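*Asks:* A structural model of the following input is requested.
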Amino acid sequence: MLGLRRRRHTGAATAMRQSGLAGLRLPQTAGLLSCRVLDPVNQPLAHAELTVSDANGRKVVSGETDPYGTFVAAVPAGGYRLAVSHEGFTPYRGEADVAEGGHTTLGDLPLAPVELPQLPPPGDWEIDPAHTTIAFVARHIGMARVHGRFNNYSGALRIGQRMEDSAMHVIIDAASIDTNIKMRDDHLRSADFLDVERHPTLEFFSDSFAHRGGNRWAISGALSIHGVSRTVTLDTQYLGTGVGMEGEIRAACRAVTELHREDFTLNWQHMLARGIAVVGSSIQIELDIQVTGKS
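*Replies:* As a prediction, this is how the structure comes out:
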């Protein structure tokens, strides 16, 4: 949706009082730009993402709407492009001129629902390892990030007549952990971490598929690592279905979750000077998954 340039100007001082920003001083060369983002039934849409760019496409400011769907920003006087997006809705794009000491509002911006991808048909599916990535990111010595992955895994997915009745089981070979440094990988396989001799696999059994709106789903279940099971939830973005090179039906999704090592008794730790941990507690899990229908 491409919005027309809209000019509704009021005094900046009045606008700042109305928006609760009366305690802030507006620079002489700046003005205010605001809008309110609504859903298709004209209810305020919180956490919509906004980006304000100049005439050359350079980002000037970005942020999210508040719980009342409102966005207010102080920007240098000039012409701007505004992009508004939210999961499950068609993006809005518009333009606005901001004058020194003035307040330009785009008013209410209703977002239309986006057409959702078709859900995969019911039946049995299996993970395609050649088109799937199970990766993780961990903090290292308080500043760097270590990226790794598991190279060997398998999994099955049963799609129910209702998507909410679906189930998934994934088995990961713990020894296949790979951070591209052999010494580090050997340490991660040792009893200090995964202890692959005693616990050769990581497993996930889902027990819930819940629709979060749009193409977002929450897949919850039991994750077993190091002999310990904990309930985790995968924040999943469904990407749709397609046909592969050999005519097979495929479906794809992306998913993320965050784990804490201590929850799975992965308690090894070494501290550097000033109390900095060599390995951080939180681990971000990132999955790109493709499944194919079983013949």
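*Asks:* isn't Ile134 up against Asn152?
*Replies:* No - under the criterion of CB atoms under 8 Å, Ile134 lies out of contact with Asn152, with a separation of 9.6 Å. Quick note: C-beta positions are derived from backbone N, CA and C, even for glycine.
*Asks:* more neighbours, these two?
*Replies:* Each of Ile134 and Asn152 has its neighbours counted (other CB atoms under 10 Å); Ile134 has more, 23 against 15.
*Asks:* distance of the more buried one relative to Ala167?
*Replies:* Note on Ile134: its distance to Ala167, by CB to CB, to the nearest Å, is 19 Å.
*Asks:* quick one on the thing from earlier: shared neighbours of Ile134 and Asn152, anything?
*Replies:* Ile172 (CB atoms under 8 Å, 6 or more residues apart in numbering).
*Asks:* could you chop the protein up by domain?
*Replies:* With automatic domain parsing as the criterion, the domains of the chain are listed as 9-110, 123-293.
*Asks:* format those as TSV; extra columns: distance to Pro117 and mean pLDDT.
*Replies:* Listed next are the domains of the chain as TSV, based on distance: least, CB to CB, whole Å; pLDDT from 0 to 100:
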stretch	distance to Pro117	mean pLDDT
domain 9-110	12	86
domain 123-293	3	86
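*Asks:* quick one: the strands in the stretch 51-200 of the chain, in order.
*Replies:* Secondary structure of the stretch 51-200 of the chain, counting by DSSP state E, counting those that start in this stretch: strands at 59-64, 70-76, 78-85, 92-98, 102-110, 123-127, 133-140, 144-150, 153-159, 167-173, 177-178.
*Asks:* so the first one versus strand 78-85, what angle?
*Replies:* This points to strand 59-64. 40 degrees (axes from the mean of the first three to the mean of the last three CA atoms, to 10 degrees).
*Asks:* run the chain-centre distance for strand 59-64.
*Replies:* Centroid separation for strand 59-64 versus its chain: 18 Å, with CA atoms, centre = their mean, to the nearest Å.
*Asks:* circling back to that earlier point, so which of the strands of the stretch 51-200 of the chain gets nearest Leu202?
*Replies:* Of all the strands of the stretch 51-200 of the chain, strand 167-173 sits nearest to Leu202, with 4.2 Å by CB to CB.
*Asks:* elements contacting the closest one?
*Replies:* Here strand 167-173 touches strand 153-159, strand 201-213, going by 3 or more CB pairs under 8 Å, 6 or more residues apart in numbering; DSSP states H and E.
*Asks:* if we use 10 Å, what do you get?
*Replies:* Applying 3 or more CB pairs under 10 Å, 6 or more residues apart in numbering; DSSP states H and E, we find strand 167-173 packed against strand 123-127, strand 153-159, strand 201-213, strand 216-225, strand 279-293.
*Asks:* now that strand: buried residues?
*Replies:* Of the residues in strand 167-173, 167-168, 170-172 count as buried by neighbour count, 16 or more other CB atoms under 10 Å.
*Asks:* what about that strand, distance to the chain center?
*Replies:* 22 Å.
*Asks:* so that strand versus strand 279-293, what angle?
*Replies:* With the same axes, to 10 degrees as the basis, strand 167-173 and strand 279-293 are set at 120 degrees to each other.
*Asks:* paired strands for strand 167-173, with orientation please.
*Replies:* Strand 167-173 pairs in its sheet with strand 153-159 (antiparallel), strand 201-213 (antiparallel), by DSSP bridges.
*Asks:* could you export that strand as CSV, CA atoms only?
*Replies:* Only the C-alpha atoms of strand 167-173 are listed here, as CSV (Å, rounded to 0.1, in the frame of the first residue of the first chain):
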residue,chain,number,x,y,z
ALA,A,167,3.1,-33.6,16.1
MET,A,168,6.9,-33.6,15.5
HIS,A,169,9.8,-35.7,16.6
VAL,A,170,13.4,-34.7,15.9
ILE,A,171,16.6,-36.6,16.7
ILE,A,172,20.0,-34.9,16.6
ASP,A,173,23.4,-36.7,16.7
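*Asks:* what's the angle between it and strand 144-150?
*Replies:* Interaxial angle, strand 167-173 versus strand 144-150 (the same axes, to 10 degrees): 100 degrees.
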